[in-house]
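S.K.: Okay, here's the prediction I keep looking at, along with the sequence it came from:
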Amino acid sequence: MSKVCAVFGGSRGIGKAVSQLLAKKGHRVIVVARNLEAAQSTATSLGEDHLALSCDVSKEHDVQETFEKIQSSCGNINYLVNAAGLNRDGLLLRTKTEDMVTLLHTNLLGAMLTCKSALRGMLHNQGGAIVNIGSVVGLKGNAGQSVYSASKAGLEGFTRSLAKEVAARNIRVNLVAPGFIHTDMTAGMNVEELSRNIPLGRFGEPQEVAQAVLFLLESPYVTGQVLVVDGGLQLAM
C-alpha cells in the first residue's frame, strides 16, 4: 500500500537516495531541503505526484509551516526520514560558539522539531515510522569532530527515548548510523587512505544506506534500534 513519505534533506546524498528508493517502491515522496530548486529538481526526477518543499529544520516556524503545506497537499505522513545535517570539523578549542549552535540546531534540534510535527498526523493515522540518520562518529567519537559527534550521539538518545514514548501508539522510531559514504560531505576526504581502515575496504554508496532506511521503515517489529551501515568501520575504531 502506498505511503506518504517526508524526507528532510531529501535533495542530495543519502536523503536523495532514500527519496529515489521510496518513489521506486510506489510511495508518494515529499522532498524537503533548504534549497527549493534542489528539492524541485530531485522531486521532478522521481516522476509525477511527488512534492518539493523548502525548509530550514533549525527553525520551528519553518518546520510547522512545512507540515501545514504537507497536510494540505498530501494529508498525514506515514514515514518520516531525517537526513538533513551539517558537518563542520575542527578541534573544540578552535570551534566558534555560533558554529556549535548551528550544528546542534540543524542535526539534533531539527530532527526533534520534525518528529514533533510528524507525530500528530501519525497518531491520527494510528501508526507510522521514523528513521533518523545519525553517524558512526556519534557512537564511537572522533578527534576533530566533537561537536558533530555530540549532535549525532544526542540523536541516538533522542531516537531510543522517543521510540519508548510512542511504541504503544504503533509508531516506530529507529536510527541509521552510516560510516564513510560517497556524498558531498566526504568529497574532500582522502578516500584511498581512509579506506584502509574500513574492513570492507571502501566507502559506501548512498543507495546502500537507503536500503537500511527502507528496511527500518518497513519492519513492523523493529523500534528503538541503531543500524550501523559502515563497512565494518566501527570494528576498527
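M.R.: Noted; the coordinates are in hand. Numbers count the residues shown, from 1 in each chain.

S.K.: My reading is that Ile130 lies in a helix. Confirm?
M.R.: No - assessed with DSSP: H, G, I helix; E, B strand; the rest coil, Ile130 is strand; it does not lie in a helix.

S.K.: Please pull out the lowest mean pLDDT helix or strand from the protein.
M.R.: Sorting the helices and strands of the chain by mean pLDDT, DSSP states H and E puts helix 191-195 at the bottom, at a mean of 86.

S.K.: Using CSV, write down the CA coordinates of that helix.
M.R.: Provided in CSV are the C-alpha atoms of helix 191-195 (Å, rounded to 0.1, in the frame of the first residue of the first chain):
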residue,chain,number,x,y,z
VAL,A,191,39.3,8.1,0.1
GLU,A,192,42.3,5.7,-0.5
GLU,A,193,43.9,6.3,2.8
LEU,A,194,40.7,6.2,4.9
SER,A,195,39.5,3.0,3.1
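
S.K.: Sort out which residues of it are buried, please.
M.R.: Ser195 (16 or more other CB atoms under 10 Å). For glycine as for every other residue, the C-beta is placed from the backbone atoms N, C-alpha and C.

S.K.: Need the residues that contact that helix.
M.R.: Where contact means CB atoms under 8 Å, 6 or more residues apart in numbering, the residues beyond helix 191-195 that reach it are 180, 201-203.

S.K.: cool, and stretch 23-35?
M.R.: Contacts for stretch 23-35 (CB under 8 Å, 6+ apart): 2-12, 15-16, 19, 22, 39-40, 42-43, 46-47, 49-56, 66, 70, 73-74, 77, 79, 84, 214.

S.K.: Mind giving me the PyMOL select for those, buried ones only?
M.R.: Paste this into PyMOL to select the buried members of those, with burial taken from 16+ other CB under 10 Å:
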select buried, resi 3+4+5+6+7+8+9+10+11+12+15+16+19+22+39+40+42+43+46+50+51+52+53+54+55+56+66+70+74+77+79+84+214
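
S.K.: Would you tell me which strand is longest in the chain?
M.R.: When the chain is parsed with DSSP state E, its longest strand is strand 171-178.

S.K.: what lines up beside that one in the sheet?
M.R.: Paired neighbours of strand 171-178 in the sheet (DSSP bridges): strand 128-133 (parallel), strand 226-229 (parallel).

S.K.: and it, how far out from the chain's middle?
M.R.: Mean-position distance between strand 171-178 and its chain equals 9 Å (CA atoms, centre = their mean, to the nearest Å).

S.K.: Can you give me the distance of the residue located most distally from the centre of the chain to Ser117?
M.R.: Residue farthest from the centre of the chain, counting by CA atoms, centre = their mean, is Leu93 at 28.3 Å. According to CB to CB, to the nearest Å, Leu93 and Ser117 sit 37 Å apart.

S.K.: just to revisit the earlier point, identify the farthest-apart pair in the contacts of helix 191-195.
M.R.: Phe180 and Gly201 (11.3 Å; CB to CB).

S.K.: neighbour-wise, which of these two wins?
M.R.: Phe180 (21 against 10; other CB atoms under 10 Å).

S.K.: quick one, what contacts that one?
M.R.: Contacts of Phe180 by CB under 8 Å, 6+ apart are 186, 189, 191, 194-195, 198, 203-204, 230-231, 233.

S.K.: Same check on Ser19?
M.R.: Applying CB under 8 Å, 6+ apart to Ser19 gives the contacts 7, 10-11, 29, 31, 42-43, 46.

S.K.: now do Gly201
M.R.: 195, 231.

S.K.: Please enumerate the strands of this structure.
M.R.: Applying DSSP E to the chain gives strands spanning 4-8, 28-33, 51-54, 79-82, 128-133, 171-178, 226-229.
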